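>>> sequence? don't have it. structure:
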Ligand SMILES: Nc1nc2c(ncn2[C@@H]2O[C@H](COP(=O)(O)OP(=O)(O)OP(=O)(O)O)[C@@H](O)[C@H]2O)c(=O)[nH]1
Ligand SMILES: C=C(OP(=O)(O)O)C(=O)O
């Protein structure tokens, strides 16, 4: 397949419930729940922006019940779907995929995690190209989770996100994508994940929130360059 263009579904739950593991971390560096929600929204925004800048991504829909997330996604050029069915994460992903499929029955549809603040468009494109239209996935940094799942062209997404999702996607025939795209696997669930994402280079919004939380003026954007503040 010469060039694959995919439509991505990005799921985000309400900010009030998001990233509970990170919020519970000893020091996520951003203090109270309101500042935490601001950090989560920044990570979502950086993820959506990077996804839309990837030259192999055609459309992005963000499935979320949270109006603030929907607004941020639409500002970046994504479509927000706020009427997901009950059933949790995989149901939300299947819903988003069904909306995309209705627009284009032959589309290649994928699911991308919303907490990839270091995501580089070029690395996302490289991972998508490596799938070459096959059903495939990228594991997270620890190897047990999934950050990107791609359906086969015209095929169903069949998401099995949740604990042990890498094994579940392998067991259902998805190809494991391993390659030079560390920012695709750098999802943030913990303070250590946040430090890893920082080392890879945070996106503009996430860098800004963390810098302001420390009283520093950020000069770092996702287009590269070293951050001008201490690591989280
Ligand atoms: N739209 C939607 N997104 C969901 C739902 N459940 C989880 N997600 C999103 O799917 C991704 C993975 O979900 P989780 O690991 O359960 O939640 P999290 O916010 O990442 O982290 P924790 O709260 O620490 O577990 C996150 O981006 C969530 O916001 C859901 O029911 N609907
Ligand atoms: C839901 C998943 O990720 P996490 O729990 O890390 O957000 C997953 O890896 O399938």
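Done, it's in. Since the structure is predicted, the reported quantities are computational estimates derived from the model, not experimental observations. Residues are numbered from 1 along each chain as shown. Ligands and ions are numbered 1, 2, ... in the order given.
>>> The helix ranked longest in the chain and ligand 2 in contact?
The helix that spans the most residues within the chain, counting by DSSP state H, is helix 33-53. No: figure legend: helix 33-53 not in contact with ligand 2 (Cβ under 6 Å from any ligand atom); closest approach 11.7 Å. Using the backbone N, CA and C atoms, a C-beta is placed for each residue, glycine as well.
>>> again, but for stretch 187-203
Yes: interface with ligand 2: stretch 187-203 contributes 187, 189 (Cβ under 6 Å from any ligand atom).
>>> next one: stretch 58-72
No: shown here: stretch 58-72 not in contact with ligand 2 (Cβ under 6 Å from any ligand atom), separated by at least 13.8 Å.
>>> For the next helix or strand after the longest helix of the chain, which helices and strands make contact with it?
Moving toward the C-terminus from helix 33-53, the next helix or strand (DSSP states H and E) is strand 57-63. Other helices and strands packing on strand 57-63, by 3 or more Cβ pairs under 8 Å, 6 or more residues apart in numbering; DSSP states H and E, are strand 6-11, helix 33-53, helix 67-76, strand 79-81, helix 89-103, helix 121-131.
>>> same thing but at 7 Å, please
Applying 3 or more Cβ pairs under 7 Å, 6 or more residues apart in numbering; DSSP states H and E, one finds that strand 57-63 contacts strand 6-11, helix 33-53, helix 67-76, strand 79-81, helix 89-103.
>>> still on that earlier bit, how far does the longest helix of the chain sit from its chain's centre?
Helix 33-53 sits 9 Å away from the centroid of its parent chain (Cα atoms, centre = their mean, to the nearest Å).
>>> Give me the contacts around that helix.
Residues from elsewhere that reach helix 33-53, judged by Cβ atoms under 7 Å, 6 or more residues apart in numbering: 8, 10, 12, 15-16, 18-19, 23, 28, 30, 57, 60, 62, 68-69, 72-73, 76-78, 112, 114-117, 119-121, 124, 188, 203-206, 208-209, 213, 222.
>>> follow-up on the earlier one: mind checking the helices and strands packed on strand 57-63 for the one nearest to residue 197?
Closest to residue 197 of those is helix 33-53 (Cβ to Cβ; 8.4 Å).
>>> residues of that closest one that come out buried?
Within helix 33-53, the residues that count as buried by 16 or more other Cβ atoms under 10 Å are 35-53.
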